[in-house]
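Enquirer: here's a sequence, model it:
(2 chains)
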Amino acid sequence: DAKTTQPNSMESNEEEPVHLPCNHSTISGTDYIHWYRQLPSQGPEYVIHGLTSNVNNRMASLAIAEDRKSSTLILHRATLRDAAVYYCILTGREGGSEKLVFGKGTKLTVNP
Amino acid sequence: DAGITQSPRHKVTETGTPVTLRCHQTENHRYMYWYRQDPGHGLRLIHYSYGVKDTDKGEVSDGYSVSRSKTEDFLLTLESATSSQTSVYFCAISDRVYSYSGNTIYFGEGSWLTVV
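Expert: Model prediction:
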């Protein structure tokens, strides 16, 4: 399985930008990069995804390195509600099957 | 929010008893998944389904079976529950093959299972 590496935890202050890194050096050419987050006692929720180009949506921005071996999720102004575990995931096709495999994620703490 | 309902939301059961968790969707999505989440392991895929009566194993399928007789329902069964199966179980759905489209999957709110 294609692997991702994320820091176990990060801390930020409210209303400041947050850059959450993810390394995926074994990514294949057809793998998409997805980010999900999980708030306490809830199921994961979609944040953003991309293939090659940087992406923006109302929640966040995704910056993808030119060689695609790393990416960064950017929260432009962190709020207390952004405190969650953030998962960087590669989606692809392996052995003829579709699978979405989660790593351990980065726990983001937002300080008031 | 995607229409995903998991039941029961909380259950305590005894070792050796059978347990069935139900995932019901109202989105008519083709793909359905069962994950378990444990401290230190993150989310791990148990089984998934790519259509009615079409299922496949995930990375932690031992001790679990699944069935999908209707598009809207995906059942996860623990034939003989063990304490190691105490966990939070999440159901998820998606409408297309995500590897070709980067499609989003949607998660339910989870089922907390305690095996004593």
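Enquirer: other SSEs contacting the longest strand seen in chain A?
Expert: Ranked by residue count and defined by DSSP state E, the top strand of chain A is strand A:84-94. Secondary-structure packing of strand A:84-94 (3 or more CB pairs under 8 Å, 6 or more residues apart in numbering or on different chains; DSSP states H and E): strand A:18-23, strand A:32-38, strand A:70-75, strand A:106-111, helix B:98-101. All C-beta spots, glycine's among them, are computed from the backbone N, C-alpha and C.
Enquirer: which of those is buried the deepest?
Expert: Mean neighbours per residue, mean count of other CB atoms under 10 Å in any protein chain shown, is largest over the helices and strands packed on strand A:84-94 for strand A:32-38, with a mean of 23.
Enquirer: other SSEs contacting that one?
Expert: Packing partners of strand A:32-38 (3+ CB pairs under 8 Å, 6+ apart): strand A:18-23, strand A:45-50, strand A:61-64, strand A:84-94.
Enquirer: how about those in JSON lines, adding mean pLDDT and distance to B:L75?
Expert: JSON lines is the format used below for the helices and strands packed on strand A:32-38 (pLDDT from 0 to 100; distance: least, CB to CB, whole Å):
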{"stretch": "strand A:18-23", "mean pLDDT": "97", "distance to B:L75": "34"}
{"stretch": "strand A:45-50", "mean pLDDT": "91", "distance to B:L75": "24"}
{"stretch": "strand A:61-64", "mean pLDDT": "97", "distance to B:L75": "35"}
{"stretch": "strand A:84-94", "mean pLDDT": "83", "distance to B:L75": "25"}
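Enquirer: that's all I had, so thanks and see you.
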